[in-house]
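Asker: Mind looking at a prediction? Sequence and model below.
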Amino acid sequence: MAASKKGTEKPKSIRPSGSSDTNFFELVHEVARQIPKGRVTSYGAIAACLGTKSSARMVGWAMNGAHKVKPKVPAHRVVNRNGMLSGKAHFETPTKMEELLKKEGIKVKDDTVVEFGRLFWDPAQELGV
DNA sequence: CGCCTGACGAAAC
DNA sequence: GGTTTCGCCAGGC
């Protein structure tokens, strides 16, 4: 089996122009959903994977609907560049995020992911870019 | 229709 | 090296 084992869809199909779709919105959700358990990633990493590396903010904004879409997106596995749970305040409860992370085996200290650099999951790397 | 805000990031100071 | 500001892009008011 050769390296990447995706073989079902290509989340990298961005629409360069023309489409007013919420593609970006859904795209972010797709990538976030593929984050393996016990791993974390950053908004900028997802943005870069999609090609909008300069718009890390848009990724976070897209997460606004993470708990509204289905299936629900594990936004708790997405943190900022510092590994800090910047979006925990937007969860059902401010502590829900770290609770979920700890439950998956990720240690959270002071609202920050411990060993973030070790647990970091790069979408562009795993998806085979 | 225009200004502000926003779950980030990186550069500038 | 820490803190502050600008930039991104889209939605809300």
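Answerer: Arrived safely, thanks for sending.
Asker: going forward, measure contacts between C-alpha atoms and count neighbours the same way
Answerer: Noted.
Asker: where does chain A have low pLDDT?
Answerer: Low-confidence segments of chain A (pLDDT under 70): A:1-22, A:126-129.
Asker: how about the strands in it?
Answerer: A:41-42, A:78-79, A:108-109, A:112-113 (DSSP state E).
Asker: closest to A:Trp121 out of these?
Answerer: Within these, the stretch nearest A:Trp121 is strand A:41-42; the backing value is 5.1 Å (CA to CA).
Asker: anything in that closest one near DNA strand C?
Answerer: No - for strand A:41-42 and DNA strand C, the contact criterion (CA under 7 Å from any atom of the strand) is not met; the two come no nearer than 13.6 Å.
Asker: what's that strand packed up against?
Answerer: Applying 3 or more CA pairs under 8 Å, 6 or more residues apart in numbering; DSSP states H and E, one finds that strand A:41-42 contacts strand A:78-79.
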